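Asks: Sequence first, predicted coordinates after that:
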Amino acid sequence: MQDADKNLNAASSIEQRTRLAGDPHRPHYHFLPPAHWMNDPNGLIQWKGKYHLFYQYNPYAPLHARIHWGHTVSADLVHWRDLPIALTPTLGQADADGCWSGCTIDNNGIPTLVYTGIHPQTVCLASSNDDLLNWQYHPANPVIQNPPNALQAGTGGHFRDPFVWKENDCWYMLIGSKQEHTGGMILLYRSSDLLHWEYLHPFLLGNASSQEPLWTGAMWECPNLLTFGDQRFLIFSIQDAQGNLLYPLYASGTFHDEQFTPNANAYERLAYGNCFYAPQIMRDAQGRSIMWGWLMEKRSQARVEQAGWSGVMSLPIIVEPLSQDYLSLKPAPELTSLRAQHWHIGTMDIESTKQLLHENNLPNRLEIIAEYSLEQPIAFALTLSPDTQEHLSIVYQSTPQRITVEYQQADIRAEVNQQYDTITLKDFADRVLRLHLFLDHSVLELFVNERYYLASRIYLQSTVSMSIDIFARQGTIHVNSLDIWSLASIWDNLA
């Protein structure tokens, strides 16, 4: 690491966070860097009881350029402490133009980063001998210089985001890539020493010509393989042919004799909404699979540059198998430690409109758990709104089975834009609907019955005198319970 970059991180992180703390769109209980640019989570690992999160980082400006690996650590999954930058692009090395995404592994007691160097896209290693604080670039880099010869022409140079795990005394690696005019693909490699890698075959191939049951894109990146006994879930993120970032998918199946066999249900969407991308998952000492994803900005580059920061990390999400084909997603229970003021509303029936809560200066940092009985065809909206024409609504419709996040926000010219994000509830037969909502300034995360997850970026201009209402659009709405908490900031004690 170059000393200038280390000093930039260590000396200025508190000053930068303090300077930006008053931004009304900057989250208060999600992790994000002190300032400037962040994208993919990287290198997730629990080391000596602490959770380490690395991330794609530009410490100089809020744009995707000269990518480093930022580094933060937590003892509780909630409060984070900035650590020195882990990886810095270095002239004359394989990562001279950027240190792109990858993972962290425990190599017989030596923490080792496996990451993407660019340009061209290659696989590099770095290791630490001081508990993940400082990292040494491996002299053998790059350990994989290019895609397999037979496939190289069709990849267009896309060959990135190594995911490494150990099984049967062998190291295996997945790499994201593409086949021109065919679709995305994940490649499988094998090694005995992390230095010499043998290409085996495609782990999974996509088909960009098919739109059913959903489109799987033209390029795949950021692969993760989850193991639950004999069950495997391959997670990856997709792009279109123009490089636009779309959404993460997963495929369930089995892995035997170095072959991945997908189940018949093919692909499922991991996250809904307009901003969640490039998730990475780690296994902690409790045996939990914990996921973070990058929450992208959805405002103009001019507004981002004016703000001085871009990118937020999602909340930590517990990922478990729900069945042979589906995953369960729910917020990490440690987040309950942030709860402050509490409002509880018991059972009630609503036939038109019910104002549930109106508080002066209600903070724009809320957690809401609402449970409804689904005994008849109904449609309703749970709406949060300041005393302006702006609002945010969670809308449920039983026909079709759908949840929509509708938001009407005023832009910088005070003009109002109506937007929405939708979850289609597939094979949904539950008798109770449970909405678990987190609102943190410009970030919304919604968990539905621990099966569906949606994330949105919403930039309301006004955040005071917030009210919470339920509007019945069809039928009588049977509310079993409603709990609302204000949540504390994790940055109140920066020093």
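Replies: That came through, no problem.
Asks: and residue 150, helix, strand or coil?
Replies: Reduced to three states with DSSP: H, G, I helix; E, B strand; the rest coil, the structure at residue 150 is helix.
Asks: and if you look at the one 3 residues further on?
Replies: In the three-state summary, residue 153 is assigned as helix, counting by three-state DSSP.
Asks: Give me the contacts around stretch 285-294.
Replies: Here stretch 285-294 makes contact (C-beta atoms under 8 Å, 6 or more residues apart in numbering) with 38-41, 44, 46, 49, 51, 53, 55-56, 77, 226, 228, 248, 271, 276-284, 311-320, 329, 332, 455. From N, CA and C alone the C-beta is placed, and that goes for glycine too.
Asks: In helices only, show me those.
Replies: Among the contacts of stretch 285-294, no residue falls in helices (DSSP state H).
Asks: Any of those residues buried? List them.
Replies: By neighbour count, with 16 or more other C-beta atoms under 10 Å, these hold 38-41, 44, 46, 51, 53, 55-56, 77, 226, 248, 271, 276-282, 284, 311-319, 329, 332, 455 as buried.
Asks: Show me these that map onto strands.
Replies: Counted as lying in strands by DSSP state E, out of the buried ones among the contacts of stretch 285-294, are 38-41, 44, 46, 51, 53, 55-56, 226, 248, 276-282, 312-313, 317-319, 329, 455.
Asks: what's the angle from the helix or strand hosting residue 161 to strand 276-283?
Replies: Following DSSP states H and E, one finds residue 161 within strand 160-167. Per axes from the mean of the first three to the mean of the last three C-alpha atoms, to 10 degrees, the angle that strand 160-167 makes with strand 276-283 is 20 degrees.
Asks: mind listing what's buried in strand 160-167?
Replies: For strand 160-167, burial by neighbour count (16+ other C-beta under 10 Å) applies to 160-165.
Asks: Low-confidence stretches in the chain?
Replies: Along the chain, the parts satisfying pLDDT under 70 run over 1-11, 355, 358-362, 387-388, 409-418, 463-465, 494-495.
Asks: care to break it down by domain?
Replies: As assigned by automatic domain parsing, the chain contains the domains 3-331, 336-487.
Asks: got the ones you listed as CSV, with distance to residue 493 columns?
Replies: Formatted as CSV, the domains of the chain follow (distance: least, C-beta to C-beta, whole Å):
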stretch, distance to residue 493
domain 3-331, 9
domain 336-487, 14
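Asks: contacting residues around the residue sitting furthest away from the middle of the chain?
Replies: In the chain, counting by C-alpha atoms, centre = their mean, residue 351 sits farthest out from the average C-alpha position, at 37.2 Å. Neighbouring residues of residue 351 by C-beta under 8 Å, 6+ apart: 472, 476-477.
Asks: Can I get the buried ones among those residues as something I can paste into ChimeraX?
Replies: Only the buried entries of the contacts of residue 351 go into this ChimeraX selection, using 16+ other C-beta under 10 Å:
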select :472,477
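Asks: any idea which of the contacts of residue 351 is closest to residue 374?
Replies: residue 477 (10.1 Å; C-beta to C-beta).
Asks: Now the residue nearest the centre of the chain: closest residue in space, sequence neighbours ignored.
Replies: Centroid-nearest residue in the chain: residue 293, 1.1 Å away (criterion: C-alpha atoms, centre = their mean). Excluding its sequence neighbours, the residue lying closest to residue 293 (C-beta to C-beta, 6 or more residues apart in numbering) is residue 279, at 3.9 Å.
Asks: how far away is that neighbour from residue 249?
Replies: Distance, residue 279 to residue 249, by C-beta to C-beta, to the nearest Å: 11 Å.
Asks: Need the overlap of contacts for those two.
Replies: Joint contacts of residue 279 and residue 249 (C-beta under 8 Å, 6+ apart) are 235, 237, 270.
Asks: Doesn't residue 13 lie inside a helix?
Replies: Yes - per three-state DSSP, residue 13 lies within a helix segment.
Asks: where's stretch 331-349 relative to the chain centroid, distance-wise?
Replies: On the basis of C-alpha atoms, centre = their mean, to the nearest Å, stretch 331-349 sits 23 Å off its chain's mean C-alpha point.
Asks: Repeat that for stretch 293-305.
Replies: Chain-centre distance of stretch 293-305: 15 Å, with C-alpha atoms, centre = their mean.
Asks: can you check stretch 193-212 too?
Replies: For stretch 193-212, the separation from the chain centroid amounts to 23 Å (computed by C-alpha atoms, centre = their mean).
Asks: Buried residues, it. List them.
Replies: Within stretch 193-212, the residues scored as buried using 16+ other C-beta under 10 Å are 194, 197, 199, 202-204, 206, 208.
Asks: Tabulate the CA atom coordinates of that stretch in CSV.
Replies: Output of stretch 193-212 as CSV, limited to C-alpha atoms (Å, rounded to 0.1, in the frame of the first residue of the first chain):
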residue,chain,number,x,y,z
ASP,A,193,-1.9,-24.1,-3.6
LEU,A,194,-3.8,-20.9,-4.7
LEU,A,195,-1.0,-20.1,-7.1
HIS,A,196,-1.4,-22.7,-9.9
TRP,A,197,-5.0,-22.9,-11.3
GLU,A,198,-6.4,-25.4,-13.7
TYR,A,199,-9.5,-24.4,-15.7
LEU,A,200,-12.1,-27.1,-15.5
HIS,A,201,-15.2,-26.0,-17.4
PRO,A,202,-18.2,-23.6,-17.3
PHE,A,203,-19.9,-23.9,-13.9
LEU,A,204,-23.1,-22.5,-15.4
LEU,A,205,-24.1,-20.9,-18.7
GLY,A,206,-26.8,-18.4,-19.5
ASN,A,207,-29.1,-17.9,-22.4
ALA,A,208,-29.7,-14.2,-23.2
SER,A,209,-32.2,-15.1,-25.9
SER,A,210,-34.7,-16.5,-23.4
GLN,A,211,-37.1,-14.1,-21.5
GLU,A,212,-38.8,-16.8,-19.4
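Asks: What lies in contact with it?
Replies: So stretch 193-212 is contacted by 107, 112, 114, 123, 125, 138, 140, 143-144, 148, 164, 171, 173-174, 179, 181-191, 215-218, 220, 223, 234, 238, 241, 251, 258-260, 262 (C-beta under 8 Å, 6+ apart).
Asks: Go again with 6 Å.
Replies: Outside stretch 193-212, the residues that touch it by C-beta atoms under 6 Å, 6 or more residues apart in numbering are 140, 143-144, 148, 171, 174, 183-191, 216, 218, 258, 260.
Asks: likewise stretch 236-251?
Replies: 217-223, 233-235, 262, 267-268, 270-271, 277-279.
Asks: And these, which of them are buried?
Replies: The buried subset of these - by 16+ other C-beta under 10 Å - is 217-223, 233-235, 267-268, 270-271, 277-279.
Asks: Restricted to strands, list these.
Replies: 219-223, 233-235, 267-268, 277-279.
Asks: ok, which pair from those is furthest apart?
Replies: Most distant of these, by C-beta to C-beta, are 219 and 233, 20.3 Å apart.
Asks: Identify each buried residue in whichever strand or helix holds residue 117, please.
Replies: Assigned by DSSP H and E, residue 117 belongs to strand 110-118. Judged by neighbour count using 16+ other C-beta under 10 Å, the buried positions of strand 110-118 are 111-118.
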